[in-house]
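Visitor: Could you work out the structure for the sequence below:
(one chain, ligands or ions: 1)
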Amino acid sequence: MKLSFEIVELQTKHAFNIARQVGPPSRRLVWVRVRDSDGVEGWGEASPQPFYGETADTVTAILPRLAEALEEAAGGDPFALERIDDAVHHALAHNGSARVAISAAMHDLVGKRLGVPVWKLWGLDPAAAPRSSFTIGIDELEVMRAKVREAAAYPILKIKVGTPRDREILSMIREEAPGKTIRVDANTGWSAKQTIAVMPMFQEFGVEFVEQPLPAHDLAGLRLVRENSPLPIIADESVENATDVAKLAGVVDGVNIKLSKCGSLREAIRIIHAARAHNMKVMLGCMIESTLGIAAAVQITPLVDYVDLDGAALLAHDPFAGPGIEADGTVRFNSEPGLGVRRRE
Ligand SMILES: [Mg+2]
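Guide: I've put the predicted structure just below:
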């Protein structure tokens, strides 16, 4: 198994700001390729997040170590996906984006060897995939209005909140999109008291649910919010892997999975099963990613309740083509084997 990688620099269409940070205008992602002894190649992408201690440079620094773990675990058998997953995880517990690049590449490779898309390998039904939301980042009101108009075809909007202007922003959204489903994400921006205080306003604007209002580790605060909230609470920053789900049972109503956090497609499926065992909702989100990163998440969308995979739609130029999100939020699946992604010329 031969692993190679290169850094790809991507520009976003607009600045992408959230409650805790101003987004940089460009992102450095890492394109990972794994080639087996027959020359079959699988691709994956790392979208490193500084919030989780990763940059493109940390990813490229550790990939050789993960390549060794992969080689040792596979022992010439690319189908040993569980063993490979375990070995990569044991080589490095964190660094989810670096690990998921390998996980995605191995599933792509196995799908290509068998001649079937990964979603099909898992027996999933594309018709079961919910439509994706489109995210509106924090900006000047008129810039946000322009983004909402640009997203006219999307029936579901996710609005980044956690500013002193939230009421003004939501009023503008309702002016522009009176009938759309609206979800909000505070990205750890508030305290429990603040969250409980803004809930009636969200209810007034017909918000469907609130994502991660509190800091990741404030589980007592999240529980208090849930007990006093008329709207469902979905954890994002508070959940990285399946063991986190058990801690969040009774604390929140659902979890937002991101491949870059959990580090593997197989762990994402374990999170889904853990959440279902606790009767929790499941959302599948993403970072700013190209179609290569989004394609890996698309494969498991039939298993979740809410899809938020607009990462590639936020890019000015996407170096990859393949499955993803249509302009109306519908999930587009690949009929080609593996992840079904190709490099654009
Ligand atoms: Mg979020």
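Visitor: ok, now which ones touch Asn241?
Guide: With contact set as C-beta atoms under 8 Å, 6 or more residues apart in numbering, Asn241 has these partners: Lys261, Cys262, Gly263, Glu267, Arg270, Ile271. From N, CA and C alone the C-beta is placed, and that goes for glycine too.
Visitor: Of these - the most surrounded one?
Guide: Gly263 (28 neighbours; other C-beta atoms under 10 Å).
Visitor: That one against Val100, yeah?
Guide: Yes - contact criterion C-beta atoms under 8 Å: Gly263 and Val100 qualify, at 5.1 Å.
Visitor: Excluding sequence neighbours, find me the nearest residue to whatever residue of the stretch 51-200 of the chain ends up closest to the ion.
Guide: Among the residues of the stretch 51-200 of the chain, Asp185 lies closest to the ion, at 4.4 Å counting by C-beta to the ion. Closest residue to Asp185 apart from its sequence neighbours, by C-beta to C-beta, 6 or more residues apart in numbering: Glu211 at 3.9 Å.
Visitor: before we move on, what about Phe205?
Guide: Of all residues not flanking Phe205 in the chain, Leu170 sits nearest, at 4.5 Å (C-beta to C-beta, 6+ apart).
Visitor: repeat for Pro130
Guide: Sequence neighbours aside, Val307 is the residue nearest to Pro130 in space, at 5.2 Å (criterion: C-beta to C-beta, 6+ apart).
Visitor: re earlier: how deep is the residue of the stretch 51-200 of the chain closest to the ion tucked in, by neighbour count?
Guide: Neighbourhood size, Asp185 [other C-beta under 10 Å]: 28.
Visitor: hmm, back to that, the residue nearest to Pro130 pairs with what?
Guide: Beta bridges link Val307 to Ser132, Leu284 when assigned by DSSP bridges.
Visitor: show me what contacts it?
Guide: By C-beta under 8 Å, 6+ apart, Val307 lies in contact with Ala129, Pro130, Arg131, Ser132, Ser133, Met283, Leu284, Thr301, Ile325, Gly329, Val331.
Visitor: Could you identify which of the residues you listed has the most neighbours?
Guide: That'd be Ser132 among these, by other C-beta under 10 Å, with 32 neighbours.
Visitor: For that one, give its distance to Leu70.
Guide: 31 Å (C-beta to C-beta, to the nearest Å).
Visitor: What does the residue of the chain found nearest the ion show for phi and psi?
Guide: Nearest to the ion, among the residues of the chain, is Asp236, at 3.6 Å (C-beta to the ion). The phi and psi values for Asp236, taken as degrees, to the nearest 10, are phi -120, psi -70.
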